[in-house]
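Colleague: Quick one: sequence plus predicted model below, questions after.
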Amino acid sequence: MSIKPLIILPDPILRQVSKPVERVDDQLRKFAGDMLDTMYDAPGIGLAAIQVGEPLRMLVIDLAKEGEEPAPHVFINPEILESSDERSVYEEGCLSIPDYYAEVERPASVRVRYLDRDGKAQEIAADGLMATCLQHEIDHLNGVLFIDHISKLKRDMVMKKFKKLAKDKPPTRMVG
């Protein structure tokens, strides 16, 4: 497996809508492994394929805490079927928006249909951090960032900061 370079704001790739995965095969499974390696290296708890420059509807999540056995999940073509009316607030961050965190309100629970690594249809009912993480990563697949869920003033400040950082640096992709 290998670590992929992360796409960092304000790269317009992050606003692309990802395409459905057509076929689950060994190449896709290897890519899922690369995504997990990249996420662990960053370190993070979730990563969408678009964050490493692949506009595919695929994401990986591992909510295991440090010292716990890894518990990787691969979600291919995930789709939110239901969202609860109850809301919850989590402080979110993003590997593509390093060192910026903000409280985001989302549905407290979701039911998601997806394909697993073997291409088998699955459903998961998620709440708590898993529900938040799934919604955050599925947003990425739709070209939506967590900063789109905060006030316009805060979002504009973040965009300005990252555009300035990008202008001050040569156009390279950041790793980890």
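Modeller: Thanks, I have it.

Colleague: so how far is residue 67 from the nearest residue to residue 98 once chain neighbours are set aside?
Modeller: Closest residue to residue 98 apart from its sequence neighbours, by C-beta to C-beta, 6 or more residues apart in numbering: residue 8 at 6.9 Å. Any C-beta I mention is one placed from the backbone N, CA and C, and that applies to glycine too. With distances taken as C-beta to C-beta, to the nearest Å, residue 8 is found 29 Å from residue 67.

Colleague: Neighbour count: those two, which is higher?
Modeller: Remark: of residue 8 and residue 67, residue 8 carries more neighbours, 21 against 5, as counted by other C-beta atoms under 10 Å.

Colleague: Using the three-state scheme, assign the more buried one.
Modeller: Secondary structure, DSSP: H, G, I helix; E, B strand; the rest coil: residue 8 is coil.

Colleague: which regions of this structure lie under the pLDDT threshold?
Modeller: The model of the chain has pLDDT under 70 over residues 1, 170-176.

Colleague: again, 50 this time
Modeller: Within the chain, the stretches with pLDDT under 50 are 173-176.

Colleague: Quick one: the strands in it, in order.
Modeller: Using DSSP state E, the strands of the chain run over 5-6, 46-48, 58-61, 73-83, 87-94, 97-107, 109-115, 121-127, 174-175.

Colleague: Residue 155 is nearest to which of those?
Modeller: strand 97-107 (9.0 Å; C-beta to C-beta).

Colleague: List the buried residues for the closest one?
Modeller: By neighbour count on 16 or more other C-beta atoms under 10 Å, the buried set for strand 97-107 is 97, 100, 102, 104, 106-107.

Colleague: Now the two most distant members of these.
Modeller: The two members of the buried residues of strand 97-107 with the most space between them (C-beta to C-beta) are 100 and 107, at 22.7 Å.

Colleague: doesn't residue 73 make contact with residue 64?
Modeller: No. The pair residue 64 and residue 73 does not pass the contact test of C-beta atoms under 8 Å, sitting 10.3 Å apart.

Colleague: Please say which of the two ends up with more neighbours.
Modeller: More crowded of residue 64 and residue 73, by other C-beta under 10 Å: residue 73, with 21 against 11.

Colleague: Bridging across strands, which residues link to that one?
Modeller: Following DSSP bridges, residue 73 is listed with bridge partners residue 61.

Colleague: Hmm, it is touching residue 62, no?
Modeller: Yes. Applying C-beta under 8 Å as the test, residue 73 and residue 62 come out as touching, 6.8 Å apart.

Colleague: Relative to residue 12, how far out is residue 63?
Modeller: Between residue 63 and residue 12 the distance is 30 Å, computed by C-beta to C-beta.

Colleague: of the two, who's got more company?
Modeller: Taking neighbours as other C-beta under 10 Å, residue 63 and residue 12 compare with residue 63 leading, 15 against 9.
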